[in-house]
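Asker: just need the structure, nothing else, for what follows:
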Amino acid sequence: QVQLVESGGGLVQTGGSLRLSCAASGRAFSSYHMGWFRQAPGKEREFVSAISGNTINTDYADSVKGRFTISRHNAKNTVYLQMNSLKPEDTAVYYCAARSGFYWSRGEYHYWGQGTQVTVSS
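Answerer: Numbers count the residues shown, from 1 in each chain. Modelled structure (predicted):
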């Protein structure tokens, strides 16, 4: 099993930046493919980005492509989401998730963090 703890959320103005971190406990972090999802009030949770365990493959939702960057540091058991040029519509609770098995960026994820709030003011 793996436990995930997100951090780095907060309040930022339009056009600003934030970097989210997700620290994972447990063994073999590099064997997990990691994803970021978000859920805005009154909306369903949506995929944001994902990265494979070996860091070779990444995927982004169209809405964040070119503005967000996912990365991971396997030796530190941490995955990051660098968010630039933030917009009010990026406001949501952001969740980190881990998937075991084969890489499928938008497939089922098996472990989830508690989430961190990101608020972008206009």
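Asker: so the residue nearest the centre of the chain is in which element?
Answerer: Centroid-nearest residue in the chain, with C-alpha atoms, centre = their mean: Trp36, separated by 2.5 Å. Secondary structure from DSSP states H and E places Trp36 in strand 33-39.
Asker: now do Val5
Answerer: With DSSP H and E as the test, Val5 turns up in strand 3-7.
Asker: next one: Pro41
Answerer: Taking DSSP H and E as the definition, one finds Pro41 inside no helix or strand.
Asker: report how many residues lie close to it.
Answerer: Residues within reach of Pro41, counting by other C-beta atoms under 10 Å, total 7. From N, CA and C alone the C-beta is placed, and that goes for glycine too.
Asker: how far does stretch 27-40 sit from its chain's centre?
Answerer: Per C-alpha atoms, centre = their mean, to the nearest Å, the displacement of stretch 27-40 from the mean C-alpha position of its chain is 7 Å.
Asker: contact partners of it?
Answerer: 2, 20, 22, 24, 45-54, 70, 72, 74, 77, 79, 81, 89-100, 103-105, 109, 111, 115, 118 (C-beta atoms under 8 Å, 6 or more residues apart in numbering).
Asker: buried subset of those?
Answerer: For the contacts of stretch 27-40, a neighbour count by 16 or more other C-beta atoms under 10 Å gives the buried set as 2, 20, 22, 24, 47-53, 70, 72, 74, 77, 79, 81, 90-99, 105, 109, 111, 115, 118.
Asker: in strands, which of those fall?
Answerer: With strands identified by DSSP state E, the entries of those that belong to them are 20, 22, 24, 47-51, 70, 72, 79, 81, 92-99, 111, 118.
Asker: bridge partners for Phe68, pull those for me.
Answerer: Using DSSP bridges, the bridge partners assigned to Phe68 are Met83.
Asker: residues in contact with it?
Answerer: Taking C-beta under 8 Å, 6+ apart, we find Phe68 in contact with 48-49, 60, 81-84.
Asker: got the CA coordinates for stretch 75-91 in CSV?
Answerer: Taking C-alpha atoms only, stretch 75-91 is exported to CSV below (Å, rounded to 0.1, in the frame of the first residue of the first chain):
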residue,chain,number,x,y,z
ALA,A,75,14.4,9.0,-4.5
LYS,A,76,12.3,11.4,-2.4
ASN,A,77,9.0,9.5,-3.0
THR,A,78,7.4,12.8,-4.2
VAL,A,79,5.5,13.9,-7.2
TYR,A,80,5.0,17.6,-8.1
LEU,A,81,2.6,19.7,-10.0
GLN,A,82,4.0,23.1,-11.1
MET,A,83,1.1,25.3,-12.0
ASN,A,84,1.7,28.5,-13.8
SER,A,85,-0.5,31.2,-15.4
LEU,A,86,-3.3,30.2,-13.0
LYS,A,87,-6.9,31.1,-13.8
PRO,A,88,-10.0,31.4,-11.6
GLU,A,89,-11.3,28.2,-13.3
ASP,A,90,-8.3,26.3,-11.8
THR,A,91,-9.9,26.8,-8.4
